[in-house]
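Chemist: Need coordinates for the following:
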Amino acid sequence: MVQIMASIEIDAPVDKVWEIVSDLDSEPKFWRGTKEVRNISKEGNTITREVTIAFKDSKCMQKVMLYPKEKIEVQFTKGIIEGNKIVTLTPLDNKTRLDAMWDMKLSGMMGMFTGMIKKHIQSGTEQALQSIKQEAQR
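Modeler: Next up is the predicted model:
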């Protein structure tokens with residue numbers, strides 16, 4: 001498993017940042033590695049969905065758990081990626097620290113490319129946090 005971490009401080013309250021990151025249908029707007037999202041079911045704060053990722057237009061199944069104004073936990077349950085991504089919001093006065101942490105690997109024979117793809121996911125994550133920051137500070 002490969003761990004990827006990124007963090008950013010946003011000049012906006014948690015409520016505003018949460019509004020952006022919890023709009024799961026808008027994820028492709030911020031996360032360039034996510035091309036398309038298709039929600040399959042929702043039960044309480046848990047969503048099952050299929051996402052198409054940029055890596056060879058692969059489809060992955062995810063279970064997304066929302067913990068309002070605290071964190072979003074994404075578990076990859078089927079597809080080319082194994083593991084999870086956790087996005088955490090921490091209030092700092094009238095600002096918010098947004099952290100993204102991946103603990104993942106590519107499945108099967110693709111596992112040998114995990115190291116190569118790490119830098120793409122790292123830069124994509126940093127870019128996503130920057131885009132979320134720009135949106136929140138408008």
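Chemist: Quick check: mean pLDDT of stretch 117-127?
Modeler: In this model, stretch 117-127 has a mean pLDDT of 93.
Chemist: Report the buried residues of that stretch.
Modeler: Neighbour counts over stretch 117-127 (16 or more other C-beta atoms under 10 Å) mark Ile117, Lys118, Ile121, Gln122, Gly124, Thr125 as buried. The C-beta positions use only the backbone N, C-alpha and C, and glycine is treated the same way.
Chemist: What of stretch 4-15?
Modeler: For stretch 4-15, a neighbour-count test (16+ other C-beta under 10 Å) marks Ile4, Ala6, Ile8, Ile10, Ala12, Pro13, Val14 as buried.
Chemist: And the residues you listed, which two are furthest apart?
Modeler: Every pair in the buried residues of stretch 4-15 was compared (C-beta to C-beta); the two farthest apart turn out to be Ile4 and Pro13, at 26.6 Å.
Chemist: Same list (the buried residues of stretch 117-127) but as TSV, adding distance to Arg38 and secondary structure.
Modeler: Formatted as TSV, those follow (distance: C-beta to C-beta, whole Å; DSSP: H, G, I helix; E, B strand; the rest coil):
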residue	distance to Arg38	secondary structure
Ile117	23	helix
Lys118	26	helix
Ile121	21	helix
Gln122	26	helix
Gly124	20	helix
Thr125	22	helix
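Chemist: just to revisit the earlier point, just the buried residues of stretch 4-15 now: which is nearest Asn94?
Modeler: The closest of the buried residues of stretch 4-15, once distances to Asn94 are taken by C-beta to C-beta, is Pro13, at 5.7 Å.
Chemist: how close does the closest residue to the closest one other than its chain neighbours sit to Asp23?
Modeler: The spatial neighbour of Pro13 that comes closest, neighbours along the chain excluded (C-beta to C-beta, 6 or more residues apart in numbering), is Asn94 at 5.7 Å. Look at Asn94 and Asp23: by C-beta to C-beta, to the nearest Å, they are 22 Å apart.
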